[in-house]
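Asker: Sequence below, structure please.
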Amino acid sequence: MYELNKENIQDAAVATLADIWSQIDWDKVTGTRAMGIWDEFTSKVKASATTTNQYDKFVEKLCRKMDVRSLKYKNISEIAEQTDEFKNAVLKAFRDKTQVIILKLRLNNQVRKEQIQAEKARKEREEALNKKLENAQVSFTEKGVKVHEN
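Answerer: The predicted model follows:
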């Protein structure tokens, strides 16, 4: 159960949008639409939030507008089980703080991408070192040193 405070409300709002964002069919987002996708998403979030007074309906409307066919994530269902007061506060945050919430989502996405890139670079370095060790003329074993003759 989430405590009703500003941070939890914004975190719930960001988690909701992250779940929806992750299910967008990117094969259908091409060309100029891709260039303005954040503006499109922001306006559709705002429109969905201002035209409903229920969290569940908001999620449904936004999914329909973004052509999201299915949601497989738990954040939305956890938030949907919260009190009406909490869900109404999340909707109010979508209406009043849309830009802040979208910016937090973008920042989270950027951090996640950077972590994935850093992990990929680390694995590549590790593989290069392992390959270098395989080609070494000397290797160390539990019993001592082994000399490879090439």
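
Asker: So what's the gap between the top helix by length along the chain and the chain middle?
Answerer: In terms of residue count, the longest helix belonging to the chain (DSSP state H) is helix 98-134. What separates the centre of helix 98-134 from the centre of its chain is 13 Å, taken as C-alpha atoms, centre = their mean, to the nearest Å.

Asker: Run through the neighbouring helices and strands of that helix.
Answerer: helix 6-21, helix 37-50 (3 or more C-beta pairs under 8 Å, 6 or more residues apart in numbering; DSSP states H and E). (C-beta placed from N, C-alpha, C; glycine too.)

Asker: Report the rounded mean pLDDT for the helix or strand following that helix.
Answerer: Later in the chain than helix 98-134, the nearest helix or strand by DSSP states H and E is strand 138-140. For strand 138-140, mean pLDDT is 72.

Asker: So what are the sheet partners of strand 138-140 and their directions?
Answerer: strand 145-147 (antiparallel) (DSSP bridges).
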